[in-house]
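>>> Structural data only, the sequence is not supplied:
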């Protein structure tokens, strides 16, 4: 019997062992299958990556082909250029030889056969010699230019060769990298360690720096042996590679590679950087065979990351002793079927994977062959380039030899010309002596005339001194009058200040009396209500008709259904979400405004036209005058000769016509000089204006604001055409000179125009009309040149070329102007058109507006803003979001909003509101500027409305806060009224700031606040409108307070709160009139039929209902909020870390007035009934 049991036990043990072995095998098969699938996915990904790299390689090959084509084109162009250069050199050599032969023939005539030359004959001989000298000088310049051209062509060829060699090295490096990647196998160990030093990123940067130090001219080539020696001595390289031993190994590897690559000429070879990097990429084209993949007994490949020992070591411990025999046999059969299926599946996957690998290898072999053929073609092209370079070098040597011969011939001809010049110099000295005698006689006459003029100047200076003395006397009288007026005004201001302080004191007394009367009235009202309740209670006690319990139950039943038991959210939550929306608007607008504050903002091309985006020329004192061109003005200016720049920079005070009248004479002289300069212009459009016999008249206008737009019209009576000119500040220099030689001066730009008898300031002509540039500097007029009007008008930032001037062609470009607004709050800088056009058809002499300028410029704006916009918006948004989260968790159904109640107890909101109104001038300046200057490619209207949206949102949030501050210590429960007036205030302020105030501003000239500004303006309405939003919003708040007060006096709740309410007992008050403006909308009927009061009323006492059983202070709410978001397994730890908190217990929605200290996990946080925040 025992033997039978032992055999049975042995059979069971064998079955269990067999079952375990089968299960282990199945587990191994599943693991290997997963491994195969993972490897298949990896191979697919690698194949996709290789295909992408192949596409990249093809693109790079196309790029190299394009570069080779470009090099061939450049080579052809260089050969053509060299052919032209050789032809020019041959022509120049022949011309110089002919000139030299002519000079030698002239001087080889016998001396005895030529009589002594007369003066006329000397001039006749000198003219050909001068011409020969001029031609020789031109030949020398041409020769120098050809030398420079040949040198540049040689440099270009060398650079092309270096680029080609670097491209060849890059292709070779890509080939070696791809060969290395194609030869890799997963988990395959290298047979032997790699030879050489691995080139890391930091070492490569140091080697690159050493390469550049040996190549100061950036030719791309260095001597290889010199580079190796420099590396041996370079301390930076030694430190980067890790010491002397690593440096020695690096140098040895480079030297060996150099000798292997260039066995014959390794000492003289030059390397490029790409060829040097190939040393660290070994050529792995010749590789050994790949070892076979190991397999197990079932012909299934072993996984890549494990071997037989690791597989054997991972036998899972499975307890199968409790399985019955039938289950084990069934499980063994299932495992055998799974094993057969998995073996077949793995073999199929292996065959498919092997086929795909062979296919990819074939594809890559074909692609590699294509790349090899392409590389061979590139090598052939490089050899062709080398042959061309050798040919060009030979041609260059030949050209140099011819150049040396030409220099020798040129020196001979130059010596002959110098001998002839010496003879002419002697004749010139004789003539100069005669002219000096005549000059001395004229000088004596001039001295006599100068003495007479000095006498006249002294007389004028004496008269001027008398006038200055009289002016100083008038200034002292004006200063005394001004001082007297200031004293009187100061006395008046002090008197008004004292009266204002007295009125403030009286107003404070009246307010204190009003508060006392209101308090007394509330006490009297409360006493009357208590008395009436006592009276009613006494009647009920005396009659004893119905028990009090029956009255209460009937009252509860009668009040059921008066108010909804549950709603998605209360009015308090809606108001909080509205304020969160306002805070989000503040944050978004502040983000965009902060992005353009205190940084240059590129607007692009801005057009200021006559019909839109109008720009009024600032007029301080309007100067209008007329005169004649050919008239001698007897009174020159005191400070020297006149210049056109005087018209540009003259400044007068606002409406100072005396200053304008004083400058009228100087203006007439300047415009007369401009009119006389017409005679200097060749091929003038109106030659009649160049005739001195004609009576040429002119009318001119100037705004005299310091950056003036002086305009003039020249006309002849009876002639239908006129000449209009405008003065503009211009930078100009000769086309053959450097830009650093540019001169900045004021030029008059003149064009012909139809005569306008009603002309005032108009100068607009067609873009194809010729425009002449004239300079008048210190009384000297000069003609600069002519161009089409379209080259300098409606062509902002363009450098125009004027031709035909006395000095040759000239580049003209505008001088960037900087417009300043409101003392530097906004600056707009732009290279405007060189010339603009003006129009005065609608000019208003009373307001000095209507002189319009049409011009185009590339504008960049800088808005200076020093207010703490970003800080304020972040603080406000975080605070509002925190309060909204508290409202959502603890007061979601409450009629009271937590946001205004909390903010009424802190100064954060008031500070943010004050800062917003304090910086409102900056925002209004930006808004007005962007509205007056719309830009097509810039969202100017969006940024213009960001400022109004920011201010309006802050005002909307603070509306509820200001109302709550007024009613403190009572809480405002008319949330719908607070919401209504908040929205009204937001709409009103946004409309005023965005659509009313900006359109009331006009640009008036002002004193500059920044020294870099050229034109300065103020918006005339902003000094009076930047505080109007504060006044308007304050009026809305006052109206809201009055409406809420009246509504609170008249509104009554349909549900009466009994004195037994737990909130009344907790607060120890007879009713809620002393703590809330009204309880209408704050009472519901609970499930028991009893009236329940909104627990949001307790916010004024800094208490909050956080769960069904706990009432705690608002200072502890942040811990309850964090406790809600804490993972359950950490809540107890968090609660013990915070410690105990003082709480009041709530039972059945009633405050028990029992307090205790509890941990957070003991408060039952997160458990509230359907309607949160109501107490019975």
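Here it is on my side, so go on. Nothing here was measured: the structure is a model prediction, and the numbers come from that model.
>>> Flag the shaky bits of the stretch 451-600 of the chain, pLDDT-wise.
The model of the stretch 451-600 of the chain has pLDDT under 70 over residues 522-568.
>>> In it, what residue spans correspond to helices?
Under the criterion DSSP state H, counting those that start in this stretch, the stretch 451-600 of the chain contains helices at 548-559, 571-596.
>>> So which bits of the longest one are buried?
Within helix 571-596, the residues that count as buried by 16 or more other CB atoms under 10 Å are 571-580, 582-583, 585-590, 593, 596. All C-beta atoms are positioned from the backbone trio N, CA, C, and that covers glycine.
>>> What of stretch 991-998?
992, 993, 994, 997, 998.
>>> same check, this time on stretch 1097-1113
1097-1100, 1103-1112.
>>> Please produce a markdown table containing those residues, extended by pLDDT, secondary structure and distance to residue 1018.
Output for these, formatted as a markdown table (pLDDT from 0 to 100; DSSP: H, G, I helix; E, B strand; the rest coil; distance: CB to CB, whole Å):
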| residue | pLDDT | secondary structure | distance to residue 1018 |
| --- | --- | --- | --- |
| 1097 | 81 | helix | 52 |
| 1098 | 81 | helix | 53 |
| 1099 | 82 | helix | 48 |
| 1100 | 80 | helix | 48 |
| 1103 | 81 | strand | 54 |
| 1104 | 76 | strand | 52 |
| 1105 | 76 | strand | 57 |
| 1106 | 78 | strand | 56 |
| 1107 | 75 | strand | 61 |
| 1108 | 71 | coil | 64 |
| 1109 | 72 | coil | 65 |
| 1110 | 77 | strand | 61 |
| 1111 | 73 | strand | 59 |
| 1112 | 80 | strand | 57 |
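>>> I'd like the distance between residue 870 and residue 333.
74 Å (CB to CB, to the nearest Å).
>>> Have a look at the two and say which one is more surrounded.
Remark: of residue 870 and residue 333, residue 870 carries more neighbours, 14 against 11, as counted by other CB atoms under 10 Å.
>>> How is this structure divided into domains?
10-107+132-182, 201-279, 372-435, 570-598+865-1050, 604-863, 1054-1175 (the TED database).
>>> max-length strand in this protein?
In the chain, taking DSSP state E as the definition, the longest strand is strand 721-734.
>>> Each with direction, which strands does that one pair with?
In the sheet containing strand 721-734, its partner strands are strand 711-715 (antiparallel), strand 743-754 (antiparallel), strand 810-814 (antiparallel), by DSSP bridges.
>>> Which residues outside the first one are in contact with it?
This points to strand 711-715. 629, 671, 674-675, 678, 689, 696-702, 722-727, 748, 750, 753, 755-756, 759, 761-763, 838 (CB atoms under 8 Å, 6 or more residues apart in numbering).
>>> And the average pLDDT for that strand is what?
Taken as a whole, strand 711-715 has a mean pLDDT of 96.
>>> again, but for the last one
Across strand 810-814, the average pLDDT comes to 92.
>>> And that strand, how far out from the chain middle?
30 Å (CA atoms, centre = their mean, to the nearest Å).
>>> Then the longest one?
For strand 743-754, the distance between its averaged C-alpha position and the chain's averaged C-alpha position is 37 Å (CA atoms, centre = their mean).
>>> Show me which positions of it end up buried.
Applying 16+ other CB under 10 Å to strand 743-754 flags 745, 746, 747, 748, 749, 750, 751, 752, 753 as buried.
>>> Now do the helices for the stretch 901-1050 of the chain: every range, in order, please.
Using DSSP H, counting those that start in this stretch, the helices of the stretch 901-1050 of the chain run over 908-918, 920-932, 940-967, 975-995, 1022-1025, 1028-1050.
>>> of these, which approaches residue 658 most closely?
Set against residue 658 and scored by CB to CB, the helices of the stretch 901-1050 of the chain come closest in helix 1022-1025, at 28.0 Å.
>>> My guess is residue 741 contacts residue 733. True?
Yes. Under the criterion of CB atoms under 8 Å, residue 741 makes contact with residue 733 at 5.1 Å.
>>> out of those two, which sits in the more crowded spot?
Applying other CB under 10 Å to residue 741 and residue 733 shows that residue 733 carries more neighbours, namely 18 against 8.
>>> if we can go back for a sec, which of the buried residues of stretch 991-998 sits closest to residue 903?
Closest to residue 903, out of all of the buried residues of stretch 991-998 and judged by CB to CB, is residue 993, at 22.4 Å.
>>> hang on, the earlier thing: may I see the domains of the chain arranged in a markdown table, with distance to residue 520 as well?
Shown next, in a markdown table, are the domains of the chain (distance: least, CB to CB, whole Å):
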| stretch | distance to residue 520 |
| --- | --- |
| domain 10-107+132-182 | 86 |
| domain 201-279 | 85 |
| domain 372-435 | 104 |
| domain 570-598+865-1050 | 16 |
| domain 604-863 | 52 |
| domain 1054-1175 | 13 |
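>>> right, so the ones you listed: which one is the most enclosed?
domain 570-598+865-1050 (a mean of 20; mean count of other CB atoms under 10 Å).
>>> Go ahead and measure how far that domain is from the middle of the chain.
26 Å.
>>> start to end distance for it?
Separation of the first and last residues of domain 570-598+865-1050 by CA to CA, to the nearest Å is 23 Å.
>>> just stretch 1060-1078 next, same as before
Using CA to CA, the end-to-end distance of stretch 1060-1078 comes out at 19 Å.
>>> contact partners of stretch 59-79?
Residues outside stretch 59-79 that contact it (CB under 8 Å, 6+ apart) are 153, 156-157, 160, 163-164, 167, 171, 174, 371, 374, 378, 381, 385, 388, 392.
>>> Which single one of those residues is nearest to residue 602?
Taking CB to CB as the measure, residue 602 lies nearest residue 163 of the contacts of stretch 59-79, at 35.5 Å.
>>> just checking, that closest one touches residue 220?
Yes. Taking CB under 8 Å as the definition, residue 163 is a contact partner of residue 220 at 7.5 Å.
>>> Report the mean per-residue pLDDT for stretch 39-51.
The model assigns stretch 39-51 a mean pLDDT of 79.
>>> do stretch 77-85 as well
76.
>>> How about stretch 1120-1132?
Rounded mean pLDDT across stretch 1120-1132 is 78.
>>> got it, and stretch 95-110?
Average pLDDT, stretch 95-110: 60.
>>> One more: stretch 372-391?
81.
>>> ok, now stretch 337-347?
83.
>>> One more: stretch 1145-1165?
Per-residue pLDDT over stretch 1145-1165 has a mean of 74.
>>> Could you do stretch 841-854 as well?
91.
>>> What lies in contact with that stretch?
607-610, 614-617, 619, 622, 703, 709, 760-762, 764, 836-840, 1002.
>>> Swap in 6 Å and give it another go.
Contact with stretch 841-854 is made by 609, 610, 614, 615, 616, 617, 619, 836, 837, 838, 839, 840, as judged by CB atoms under 6 Å, 6 or more residues apart in numbering.
>>> now it: how far from the chain's centre is it?
Distance, stretch centre to chain centre, for stretch 841-854: 36 Å (CA atoms, centre = their mean).
>>> so how far does it reach from one end to the other?
Stretch 841-854: ends 13 Å apart by CA to CA.
>>> those helices in the stretch 251-400 of the chain, which residues are they?
273-277, 308-312, 325-543.
>>> what's the average pLDDT for the second one?
If you average the pLDDT over helix 308-312, you get 41.
>>> Equivalent analysis for the first one, please.
Per-region confidence: helix 273-277 scores 78 on mean pLDDT.
>>> for it, packing partners?
helix 119-182 (3 or more CB pairs under 6 Å, 6 or more residues apart in numbering; DSSP states H and E).
>>> average pLDDT for the helix it packs on?
For helix 119-182, the per-residue pLDDT averages 71.
>>> What is it packed up against?
Using 3+ CB pairs under 6 Å, 6+ apart: helix 119-182 touches helix 2-107, helix 273-277, helix 325-543.
>>> that older thread, closest one to residue 444 among the helices of the stretch 901-1050 of the chain?
Of these, nearest to residue 444 by CB to CB is helix 920-932, at 66.8 Å.
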